[in-house]
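# Got a predicted structure plus its sequence, pasted below:
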Amino acid sequence: MVLSARDATREALAGKIAGDVILSREPGVTMRKWRELFHIPQVRLAQRMEVSPSVISDYESGRRKSPGTGFLRRFVQALIAIDEEDGGTLIRELSRLVGVPTEAIVDVRDFPVPVLAKTVNDAVEGIPVACAERLDRNIYGYTIVSSVKAILTLSGSDFMQIFGTTTERALVFTNVSRGRSPMVAVRVSPLKPRMVVIHGTREVDPLGIRLAEAEQIPLVLSRKSTVEDLITALRSIHSPERERVTASLGRQTR
């Protein structure tokens, strides 16, 4: 049987969510991340799954052990069904991933749980040049894009595809000459990131700053010396929850 594009996208998204939870060291926290990405309250999800809201809360807080395959299947199906009831926003975003020119993408990652934009800024040794007051927003992941290759290979529709499973992420542009082109691309795109990081220049074009302010998107200039250092710094970001667990384990072993 040949799946329709929508069915194929639905299956890809279901596999992504299930795999993310199964491979996570903190399955409950990862379940909460996905529920929040879908913007679904615990009560509504519980109603769809025909369980008590306390069951969802117990899994997310770690009071219950990792969910079994049956519960996880129902969890994933409920998220997708509710999204479809609300218009299928997340499913449509994922469908845009098909056909992205991979040479333009340097690295992409979804965080197990959200981190503050300030945490991303600190990791990249950033200098906020616009909307620094909005660095308290949550970031759910990042995409690192080669600015030059993006200009050469990405069409307008391709640019929207680099967001991954959510727009609530940082777009990181490397090999930037002034910072104007990345913000122009963000300005004309109907999808907006929660944060933009530029790397490779020592100063930002005033137009880029004005566009960031107009969109109310934090714009950060990374001072990392190389792209490799930038990638390493972003990959090393830990979630607050994981840091607390690590600290707790450290105290127990002393």
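Structure received. Residues are numbered from 1 along each chain as shown.
# Can you report how many residues lie near residue 77?
15 (other C-beta atoms under 10 Å). C-beta here means a position set from N, CA and C on the backbone, and glycine is covered the same way.
# then whichever strand or helix holds it to PDB, C-alphas only?
Residue 77 belongs to helix 69-85 when assigned by DSSP states H and E. Once non-C-alpha atoms are left out, helix 69-85 reads as follows in PDB (Å, rounded to 0.1, in the frame of the first residue of the first chain):
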ATOM      1  CA  THR A  69       5.100   0.800  24.400                       C
ATOM      2  CA  GLY A  70       1.300   0.800  24.600                       C
ATOM      3  CA  PHE A  71       1.000   4.000  26.600                       C
ATOM      4  CA  LEU A  72       3.700   5.700  24.400                       C
ATOM      5  CA  ARG A  73       1.700   4.700  21.200                       C
ATOM      6  CA  ARG A  74      -1.500   6.200  22.600                       C
ATOM      7  CA  PHE A  75       0.500   9.300  23.700                       C
ATOM      8  CA  VAL A  76       1.900   9.900  20.200                       C
ATOM      9  CA  GLN A  77      -1.400   9.200  18.500                       C
ATOM     10  CA  ALA A  78      -3.200  11.600  20.800                       C
ATOM     11  CA  LEU A  79      -0.700  14.400  20.100                       C
ATOM     12  CA  ILE A  80      -1.000  14.000  16.400                       C
ATOM     13  CA  ALA A  81      -4.800  13.600  16.500                       C
ATOM     14  CA  ILE A  82      -5.200  16.800  18.500                       C
ATOM     15  CA  ASP A  83      -2.900  18.700  16.100                       C
ATOM     16  CA  GLU A  84      -5.000  17.600  13.200                       C
ATOM     17  CA  GLU A  85      -8.100  18.700  15.000                       C
END
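# counting residues per helix, which one in the chain is longest?
helix 5-23 (DSSP state H).
# got the angle for the helix or strand just after that one vs helix 69-85?
The C-terminal neighbour of helix 5-23 among helices and strands, as given by DSSP H and E, is helix 27-37. With axes from the mean of the first three to the mean of the last three C-alpha atoms, to 10 degrees as the basis, helix 27-37 and helix 69-85 are set at 10 degrees to each other.
# Buried residues, helix 27-37. List them.
Buried positions in helix 27-37, judged by neighbour count with 16 or more other C-beta atoms under 10 Å: 27, 28, 29, 30, 31, 32, 33, 34, 35, 36, 37.
# quick one on the thing from earlier: name the residues that touch the longest helix of the chain?
The contact list for helix 5-23 (C-beta atoms under 8 Å, 6 or more residues apart in numbering) reads 3, 27, 30-31, 34, 67, 72-73, 75-77, 79-80, 90-91, 94-95, 110, 112, 165.
# Out of those residues, which end up buried?
If we count by 16+ other C-beta under 10 Å, the contacts of helix 5-23 have these buried: 27, 30-31, 34, 67, 72, 75-76, 79-80, 90-91, 94-95, 110, 112, 165.
# For residue 190, give me phi and psi.
phi -70, psi -20 (degrees, to the nearest 10).
# What count of nearby residues applies to it?
7.
# May I see the domains of the chain written out as residue ranges?
5-94, 99-240 (automatic domain parsing).
# okay, these in a markdown table with mean pLDDT next?
Below are the domains of the chain laid out as a markdown table (pLDDT from 0 to 100):
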| stretch | mean pLDDT |
| --- | --- |
| domain 5-94 | 87 |
| domain 99-240 | 85 |
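# Kind regards, and thank you for your time.
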